[in-house]
Every structure is written in C-alpha cells, then in structure tokens.
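Visitor: sequence and computational prediction follow.
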Amino acid sequence: MLSVCKRILRDHTHNLSQILKLAKADLVKTYRGAALGWSWAVIKPCVTLFTYWFALSFGFRSNTPITVGDNTYAFFLWLVLGITPWFYMNDMLVAGTESIRKYKYLVTKMKFPVSVIPTFVSVSKLMVNLVLLLVVMILFWASGHAPTLYWVQLPVYIGFSFAFFTLWAQFASLLAAISQDFLNLVKAFITPLFWLSGIIWRADTLHEHPLIQWFLRLNPVTYLVNGFRNCMIFERWFFETPLETGIFMGWLVLLWILSLWAYKRLRKDIPDVL
C-alpha cells in the first residue's frame with residue numbers, strides 16, 4: 001500500500017500544472033456552446049434553490065426563521081447554506097464517479113496517470129462551488145449578518161469536503177470504469193442521500209429518535225452541511241463536535257484505504273476495459 005501511495009503522490013506532484021489546466025478545460029467544456037457561457041454555473045443552482053425555497057416555504061410551510069442567541073436568520077439563508085455545499089457533493093458523486101469513463105482518451109491514447117483524472121475534475125467542480133459560496137457570503141452580509149470569527153472555519157470545511165469527495169472519486173471512478181452497474185447504483189442513491197442527510201430539514205431537532213440521530217452522525221454529508229451552518233449560523237467550532245469530527249476522519253481514512261486498494265487492483269485493467 002505504501003508504494004501505491006507514493007506512486008499516486010508522485011503522479012500528482014509531477015502533473016500539478018496539468019491538473020490546473022485540465023480543471024480549467026473541464027469548466028470550459030461544461031459550458032461551451034451556451035450563449036450565456038459560465039453564467040449557467042450560477043443560474044442553474046439559483047433556479048434549484050428558488051424551487052426548493054418556494055416548495056418548502058409555500059407548499060410545506062416550513063419557513064420558520066432560525067433564532068440563535070440574539071440573531072434571527074431567515075429560513076432561506078439556512079436553506080441556501082445547506083444546498084450550496086450539496087451542489088459540489090452532487091457533482092462529485094456523478095461527475096467524479098464517471099470521470100475516468102468521461103476522459104478515457106487520456107488513459108487509452110495519452111497514457112495519462114489514472115489517479116490524476118478524478119483530482120482535476122474535483123478541482124473543476126470546487127471552483128464553481130467557491131463562487132457560489134462567495135455569493136452566499138455576500139447574501140448573508142446583505143441580510144444584516146456580518147462576518148464573524150466563526151467564518152474563519154469555512155476553509156476547514158471546504159478542505160474536508162474536497163478531501164472526502166476527491167478520495168471518493170479516486171475509489172469510485174475506478175470501479176465505475178470497470179462496471180457500468182456500479183455507476184448506475186451510485187446515481188440511484190443520490191436522491192435518497194439528499195433527502196436523508198438533513199440538507200432541507202433540521203437534523204438537530206430529532207432528539208426523540210436516537211437511531212436516526214446516530215445515522216446522521218455517521219453520515220459524512222450531514223457532517224459537512226452542518227459544518228457550514230455551524231460557521232455562519234450556529235456559531236460553533238469544529239472541535240466542539242469531537243464525536244462527529246472523529247467519525248468523519250474515520251471516513252477519510254477508510255476512503256483513502258479503499259482508493260489505494262482500487263488503484264492497486266484495477267489500474268492495469270482500466271486501459272483494456274475502456
């Protein structure tokens with residue numbers, strides 16, 4: 001495993017500039033041919049956010065403001081802070097998993113390092129999400145909620161999210177390159193994962209359901225979404241939730257081991273399968 005880890009690190013170190021160039025190319029390719037170009041990177045998420053806000057506020061009437069101490073946050077701010085990180089997660093669950101299949105010509109024709117492909121796709125999706133997070137920060141400020149000291153944690157949760165889903169893509173993209181069924185299975189679970197992770201409902205109010213609470217503590221998506229909300233709404237430090245943080249670190253270690261295993265077992269078979 002150590003030799004595999006060294007090889008992956010070497011591939012990333014030697015191709016660092018290529019990772020950034022390919023990440024930019026992936027962005028350009030995504031919005032090429034559209035009259036509004038990169039504007040769709042913001043327009044599409046905004047339409048999605050408006051749809052959820054309208055359905056929850058007027059359909060389900062779940063628009064109760066969030067009160068924390070002397071501060072009151074509109075339900076929309078709480079909602080947007082949960083869904084915005086999910087956009088990156090959703091992109092990585094789909095695009096990250098199928099990244100090697102999408103860029104198979106890099107493997108079959110150019111002999112490009114397989115491990116680098118999921119990474120530049122992750123960087124590409126993160127760039128878009130950082131722009132959206134900046135919009136969210138401006139929205140909070142415009143709503144009368146100026147930045148606080150807790151906001152300095154945002155890079156921590158951005159880093160956690162990037163590490164988790166890049167490792168996920170390193171593992172899942174190799175399996176998806178071998179098996180279309182695995183890719184279809186991942187896509188089938190995305191919608192249940194969204195609805196079960198406390199993204200659009202208060203996961204911290206289920207005190208009478210301990211089993212559900214434990215499921216949410218084990219759910220890395222819930223941890224990340226709650227982390228962003230802790231930074232900008234609930235004003236909690238990440239070390240104030242040691243159990244949840246420890247569980248998330250366990251997920252990172254597990255994905256790191258799985259990605260090394262998948263790379264060692266499947267790397268040589270990928271060019272032939274593709």
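Guide: Received, thanks.
Visitor: contacts and neighbour counts: CA atoms only from here.
Guide: Will do.
Visitor: for Val186, what are its contacts?
Guide: Neighbouring residues of Val186 by C-alpha atoms under 8 Å, 6 or more residues apart in numbering: 93-94.
Visitor: can you pull the pLDDT of it?
Guide: Per-residue confidence (pLDDT) for Val186: 92.
Visitor: look at Asp269 and give its secondary structure.
Guide: helix (DSSP: H, G, I helix; E, B strand; the rest coil).
Visitor: Thr64 now?
Guide: Going by three-state DSSP: Thr64 is coil.
Visitor: quick one: contacts for it?
Guide: Taking C-alpha under 8 Å, 6+ apart as the contact definition, Thr64 lies against 74-75.
Visitor: repeat for Tyr103
Guide: Ile117.
Visitor: and it, its phi and psi?
Guide: For Tyr103, the backbone dihedrals (degrees, to the nearest 10) come out as phi -110, psi 40.
Visitor: repeat for the one 10 residues further on
Guide: As for Pro113, its main-chain torsions (degrees, to the nearest 10) stand at phi -60, psi 130.
Visitor: what is the neighbour count of Thr51?
Guide: 12 (other C-alpha atoms under 10 Å).
Visitor: tell me which element it is part of?
Guide: Using DSSP states H and E, Thr51 sits in helix 40-54.
Visitor: tell me the first helix or strand C-terminal of that helix.
Guide: strand 66-68.
Visitor: elements contacting that next one?
Guide: Packing contacts for strand 66-68, counted by 3 or more C-alpha pairs under 8 Å, 6 or more residues apart in numbering; DSSP states H and E, involve strand 71-73.
Visitor: which other helices and strands contact whichever strand or helix holds Gly82?
Guide: Taking DSSP H and E as the criterion, Gly82 maps to helix 75-91. Applying 3+ C-alpha pairs under 8 Å, 6+ apart, one finds that helix 75-91 contacts helix 40-54, helix 116-142, helix 220-229.
Visitor: what sits up against that helix?
Guide: Under C-alpha under 8 Å, 6+ apart, the answer for helix 75-91 is 45, 49, 53, 63-66, 125-126, 129, 132-133, 136, 140, 161, 165, 190, 199-200, 224-226, 228-229, 233.
Visitor: now do stretch 238-251
Guide: 153, 164, 217-218, 220, 223, 227.
Visitor: where's the most centrally placed residue in the chain relative to Ile158, distance?
Guide: A centroid search over the chain (C-alpha atoms, centre = their mean) returns Met89, at 2.5 Å, as the residue closest to the centre. Distance, Met89 to Ile158, using C-alpha to C-alpha, to the nearest Å: 11 Å.
Visitor: again with Thr241
Guide: Taking C-alpha to C-alpha, one finds Thr241 at 17 Å from Ile158.
Visitor: which one of the two has more residues nearby?
Guide: Between Thr241 and Ile158, Ile158 has the larger neighbour count (other C-alpha under 10 Å), namely 19 against 12.
Visitor: which helices and strands does the helix or strand hosting the more buried one pack with?
Guide: Ile158 is part of helix 154-178 when elements are defined by DSSP H and E. Using 3+ C-alpha pairs under 8 Å, 6+ apart as the contact test, the elements touching helix 154-178 are helix 99-102, helix 116-142, helix 180-196, helix 220-229, helix 242-266, helix 270-273.
Visitor: what about 6 Å?
Guide: Contact partners of helix 154-178 among helices and strands, from 3 or more C-alpha pairs under 6 Å, 6 or more residues apart in numbering; DSSP states H and E: helix 116-142, helix 242-266.
Visitor: got these as TSV, with mean neighbour count, distance to Gly82 and mean pLDDT columns?
Guide: Shown next, in TSV, are the helices and strands packed on helix 154-178 (neighbours: other C-alpha atoms under 10 Å; distance: least, C-alpha to C-alpha, whole Å; pLDDT from 0 to 100):
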stretch	mean neighbour count	distance to Gly82	mean pLDDT
helix 116-142	19	11	90
helix 242-266	17	17	91
